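Colleague: Attaching a predicted model along with its sequence, questions to come.
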Amino acid sequence: MKIGLVAHDTKKILMQNFCIAYRGILNKNELYATGTTGRLVEEVTNLNIHKFLAGRLGGDQQLGAQIENNNIDLVIFLRDPYSPKSYEPDAYTIVSLCDMHNIPIATNLATAELLIKALDRGDLEWREFYK
């Protein structure tokens with residue numbers, strides 16, 4: 001499965017910790033991330049991550065294009081609902097694209113853990129048929 005990883009600045013450490021905790025599951029999948037998030041996760045996990053541009057440079061748009069083309073199966077977007085910066089990835093656009101294309105998305109740690117465990121159990125295999 002192809003997993004998209006995005007995190008607002010205040011959630012990047014949380015994303016790193018999440019990826020450390022679930023490295024065994026993530027390692028079995030193809031990972032895509034906006035530039036800074038991907039680099040930071042790669043540094044602490046040694047996971048192989050395809051990195052788009054940084055979010056502020058258009059990485060969120062590159063990820064959005066992959067979602068629109070049904071090339072991403074799951075998105076984990078740890079977002080800061082209280083203080084997103086104007087240069088950070090646009091949560092509304094990514095969530096809307098996932099809704100339009102029936103792509104599961106987690107926007108907080110609780111749903112990220114549920115989705116990653118479901119992925120490990122095989123509960124997301126329906127994505128293969130949906131494509």
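Modeller: Structure's in. What do you need?

Colleague: Could you pull up the residues touching residue 39?
Modeller: For residue 39, the contacting residues are residue 51, by C-beta atoms under 8 Å, 6 or more residues apart in numbering. For glycine as for every other residue, the C-beta is placed from the backbone atoms N, C-alpha and C.

Colleague: mind redoing it with 10 Å?
Modeller: Residue 39 makes contacts with 12, 33, 49, 51, 54, as judged by C-beta atoms under 10 Å, 6 or more residues apart in numbering.

Colleague: Residues touching the helix or strand encompassing residue 13, excluding its own?
Modeller: Using DSSP states H and E, residue 13 sits in helix 12-21. Helix 12-21 has contacts (C-beta under 10 Å, 6+ apart) with 5-8, 11, 25-27, 31, 33, 36-45, 47, 49, 76-78, 80, 106, 108-109, 112-113, 116.

Colleague: ok so, going back, for residue 130, state which of the contacts of residue 39 is nearest.
Modeller: Using C-beta to C-beta, residue 33 comes nearest to residue 130 of those, at 22.5 Å.

Colleague: so what's the closest one bridging to?
Modeller: Per DSSP bridges, the residues bridged to residue 33 are residue 5, residue 51.

Colleague: surely it meets residue 48?
Modeller: No. If you go by C-beta atoms under 10 Å, residue 33 and residue 48 don't touch, sitting 11.0 Å apart.

Colleague: all helices of the chain, in order?
Modeller: Applying DSSP state H to the chain gives helices spanning 12-21, 23-26, 35-45, 59-68, 91-100, 109-121, 126-130.

Colleague: would you turn those into JSON lines with distance to residue 1?
Modeller: JSON lines is the format used below for those (distance: least, C-beta to C-beta, whole Å):
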{"stretch": "helix 12-21", "distance to residue 1": "15"}
{"stretch": "helix 23-26", "distance to residue 1": "10"}
{"stretch": "helix 35-45", "distance to residue 1": "17"}
{"stretch": "helix 59-68", "distance to residue 1": "13"}
{"stretch": "helix 91-100", "distance to residue 1": "14"}
{"stretch": "helix 109-121", "distance to residue 1": "6"}
{"stretch": "helix 126-130", "distance to residue 1": "7"}
